[in-house]
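S.K.: Quick one: sequence plus predicted model below, questions after.
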Amino acid sequence: MKIKPILMFAIILVIGFVIGFLVSGQITRRKHKAFIEQRTHEGYKKRFYYMLELDQEQMKKIDPVLDKYADNNQLLVRSFREKLGAQRDSLKDEIKAFLTDEQLEKLQSLRPRRNGVRPGKSNEKHRQNRDEKKRK
C-alpha cells in the first residue's frame, strides 16, 4: 500500500519537471525573439514606445523622427559588425603562424559566421525575413 503514494509522488514530480522544462523553453524563446526584434526598424520604435509609455497622439508625432534614427541606427550597427568581423579576421590571420594544426581547427570552429549570422536552420528564417524587408 505504500507504493501507491510513492508512485503518485514520482508521477507528479515528473509532470512538474516536464511542465517546467516546457515553460522555461517558451520564456527563453520569447525573450530571444524580443531581443532579435530590437534590431529591426519596427523593434527599435516599439522599444521607445514601451520605455516612454507614449500615447497614440505622441506616437504619431514622434514616429517620423524614430523612422529617421532607426534607419541610421541599423546602418551604424551593420557598419560596426563589418568592422568587427574584419578585425576578427585580421587577428586570426596574424596568429595562425603561431598555432598548431589542432589549434587552427579549433580556431576555425569557434564561431563560424556567414554575413554576420551563425549558420543553422533557425538562421534560414532570419535570412528570409531580412531579404523580405529589403525588398519592401
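M.R.: Received the coordinates, thanks. Residues are numbered from 1 along each chain as shown.
S.K.: centroid residue for the protein?
M.R.: In the chain, the residue lying closest to the centroid (CA atoms, centre = their mean) is residue 36, at 4.3 Å.
S.K.: What distance do you get for residue 43 to residue 101?
M.R.: Separation of residue 43 from residue 101 (CB to CB, to the nearest Å) stands at 43 Å. Quick note: C-beta positions are derived from backbone N, CA and C, even for glycine.
S.K.: From the contact counts, what lies against the longest helix seen in the chain?
M.R.: In the chain, with assignment by DSSP state H, the single longest helix is helix 56-95. If contacts are counted by 3 or more CB pairs under 8 Å, 6 or more residues apart in numbering; DSSP states H and E, helix 56-95 sits against helix 41-52.
S.K.: The helix it packs on: how far from the chain's middle?
M.R.: 17 Å (CA atoms, centre = their mean, to the nearest Å).
S.K.: Ok, stretch 85-95 next?
M.R.: Taking mean C-alpha positions (CA atoms, centre = their mean), stretch 85-95 and its chain are 24 Å apart.
S.K.: Looking only at neighbour counts, state which of residue 43 and residue 101 leads.
M.R.: Taking other CB atoms under 10 Å, residue 43 and residue 101 do not tie; residue 43 has more neighbours (15 against 7).
S.K.: ok, now which ones touch that one?
M.R.: Applying CB atoms under 8 Å, 6 or more residues apart in numbering, we find residue 43 in contact with 36-37.
S.K.: Could you rerun that using 7 Å?
M.R.: residue 37 (CB atoms under 7 Å, 6 or more residues apart in numbering).
S.K.: quick one on the thing from earlier: and the longest helix of the chain, what's buried?
M.R.: Buried residues in helix 56-95, counted by 16 or more other CB atoms under 10 Å: 66, 70.
S.K.: oh, and call the first residue 36 from now on, that's how I've got it
M.R.: That works, and once the first residue is 36, the last one we named lands at helix 91-130.
S.K.: which element follows that helix toward the C-terminus?
M.R.: On the C-terminal side of helix 91-130, the closest following helix or strand by DSSP states H and E is helix 136-145.
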